[in-house]
Each structure stands twice: as structure tokens, then as C-alpha cells.
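# Kindly return the folded structure for what I paste below:
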Amino acid sequence: AIAVENKILLRVNNEIVTSLDILTELRYLEIINDQLSSVDIDKSQKFEIAKNSLIREKIREIELKKLVKEIKIEEEFLEKVLINNFKKKKIETISDFENFFNKIGIDPDLIKKKITLEIVWNQMIYSKYINSVKINKKSIKNNLLKKGKKKEFLLSEILFTINEGEQLNQKFEEIKDSIKKKSFSEAAIIFSKSDTSNKGGKLGWIKEAAINLDIKMLLNGTKIGDHTKPIVIPGGFLILKKEKLREVNNDIDLDKELELIIKKKTNEQLNQFSNIYFNRVKKDIFINEL
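Sure thing, here's the model as predicted:
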């Protein structure tokens, strides 16, 4: 292993972040995101991604400590989530999980803490905003009931925000430049604030019935392989790439399909609320780079 001088690089309020913390975070991000280790992103950009990921985590932790007595979940539930999250790494038991991270020199307890923090944050957002989620079930059902073949879009996304003093056009040009020079998925890893950034922004196949009318019209006017202009959404701006389009037969289990779309739309809105809440909290946080 390479010896690294461990320096304090920044403070998030009173929480410190060291150079070793950032390198550990980068190794962790490369484990959960195959694309990060395979794409052609230079070292300084990777360092920046890991640093921002840690800042985000520290801000969430600071906020949660104000709201809950202890950032904790049931051990049994945590173990299930861990095994599920790292299935691809052939992890089937909690000891497999611990051995895997010990072997690569990352403390398994650190990963347990990260995942716990994420779950508790999501639970907090859910209880705070679930009553504000608005879904037009009737409209979704009507779309699903329409006869004939149905469109499905293979989409990727970049969700970004603009900081004080930044211009939307300027930020969009910067993202476009990155897409042009590298790829959409690399730009998503660098710029996207969405949880999908870990997967290069990939959203997978999305049914037409799950997309709102304005976005559907935009996608219909976008060529395959192209991306949209920034779409204003709660909590930021969204760029969608239309990877592929297919038409599928409409022989579906209506109730099952309706349930899936409602779940997807609920998560989408909760993610938007999460971003809005996070951006609000961030304004009161003091980030000092040393």
C-alpha cells in the first residue's frame, strides 16, 4: 500500500475531513460504481468527486444529529441492506462483507456507518414529505389503459444545481463541453447531484405513462443519442439523454404496473424534496478548506 501523509484538508462546521478520508471515499466510490474506475476522469476530478461526496455526507450527519437522538437502525435490517447492496461482489453473508472490506483495507464499520446514515436520512425525508407527494393516479391509469403499443425510453440523467454567482447558461455550457469531450455518463459522475450519478446517470427503461406531459413532449422532440436542454424541476435542473426508444405490447398486469409507476414517481418526488432540503441545510453550514 502507498503511504499517504494524512492532512486535515477541510472542516465542515466542526467535523474534519482528512486527505486519507478522501482517498478512502474514492476507493469506496470506485467499488460501488464500476464506471468511476473505468472512465477516463483525471485524478484531480476524482479527488473532487470524493471530496464533494464526503462534504454531502458530513452535512447530512450534522443535520440528522439535530433531529434524532442516535443515527442508528436495527442490526438485522442493516445486514440485509449491506448484503443486498454488495451482491455483485459475491457477498452473501455479513462475514463475507467484513472480509471483503478488511482485505482492501477499508474498515467495514465505516461502510456500515455510511449506509446507516443514508437510510436514516431517507427515512427522515420520507416522514417529513410523504404527505406532500402528489400523484395523479387517474391519469397514469388512463395512460396505461390506452390501446396499442406503448413507448418506453431508455434514459440517463444529470441533475445539477447552480451556486451563488453562477449562471445557468454558463453551467450548462460547462456540462455540454464535458459531454462532448468525454461522455454523458462521465459528465453525470462529475456534475450530477442525483443518486444515479454513481451509475453514470443511468435511469434504465422508463414507461411513457410514468413521464409527465412536458418532459414527454421534450423527449419526443429529442433525437436518439441526444440530450435535452436543462429542465427546471424542484431542487435544481435536469438534463435527460434519450439513449434508446422501443415500443412494447400493451399486455400488462394493470394493478402491478400502476403500483410500480406510483412507487417510481413517489421516489422521484421524495428525491426532489431531499435535494431541496439538503440545499437549504447547506446554506447554514460553514465549509472551510484549509
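# Ile8 pairs with what?
Thr18 (DSSP bridges).
# For the stretch 101-250 of the chain, which segments count as helices?
108-129, 137-145, 168-181, 184-191, 213-220 (DSSP state H, counting those that start in this stretch).
# for the ones you listed, which one sits closest to Phe273?
Nearest to Phe273 among the helices of the stretch 101-250 of the chain is helix 108-129 (4.1 Å), distances taken as Cβ to Cβ. All C-beta spots, glycine's among them, are computed from the backbone N, C-alpha and C.
# If we go by neighbour counts, what in the closest one is buried?
Neighbour-count burial for helix 108-129, counted by 16 or more other Cβ atoms under 10 Å, picks out 108, 111-112, 114, 116-117, 119-121, 124-125, 129.
# isn't Lys90 right up against Asp96?
Yes - here Lys90 lies in contact with Asp96, judged by Cβ atoms under 8 Å, at a distance of 7.3 Å.
# between those two, who's got more neighbours?
For Lys90 versus Asp96, neighbours defined as other Cβ atoms under 10 Å are more numerous around Asp96 (14 against 8).
# contacting residues around that one?
Asp96 makes contact with 83, 90 under the criterion Cβ atoms under 8 Å, 6 or more residues apart in numbering.
# quick one: buried residues of whichever strand or helix holds it?
Following DSSP states H and E, one finds Asp96 within helix 94-103. Neighbour counts over helix 94-103 (16+ other Cβ under 10 Å) mark 94, 97-98, 100-101 as buried.
# the inter-axis angle of that helix versus helix 108-129?
If you take axes from the mean of the first three to the mean of the last three Cα atoms, to 10 degrees, helix 94-103 sits at 120 degrees to helix 108-129.
# my guess is Lys134 meets Thr266, correct?
No - Lys134 is beyond contact range of Thr266, at 9.9 Å (criterion: Cβ under 8 Å).
# Neighbour count for those two, which is higher?
Between Lys134 and Thr266, counting by other Cβ under 10 Å, Thr266 is the more crowded of the two (15 against 8).
# Distance from the chain centre to the longest helix belonging to the chain, please.
When the chain is parsed with DSSP state H, its longest helix is helix 254-282. Distance, stretch centre to chain centre, for helix 254-282: 12 Å (Cα atoms, centre = their mean, to the nearest Å).
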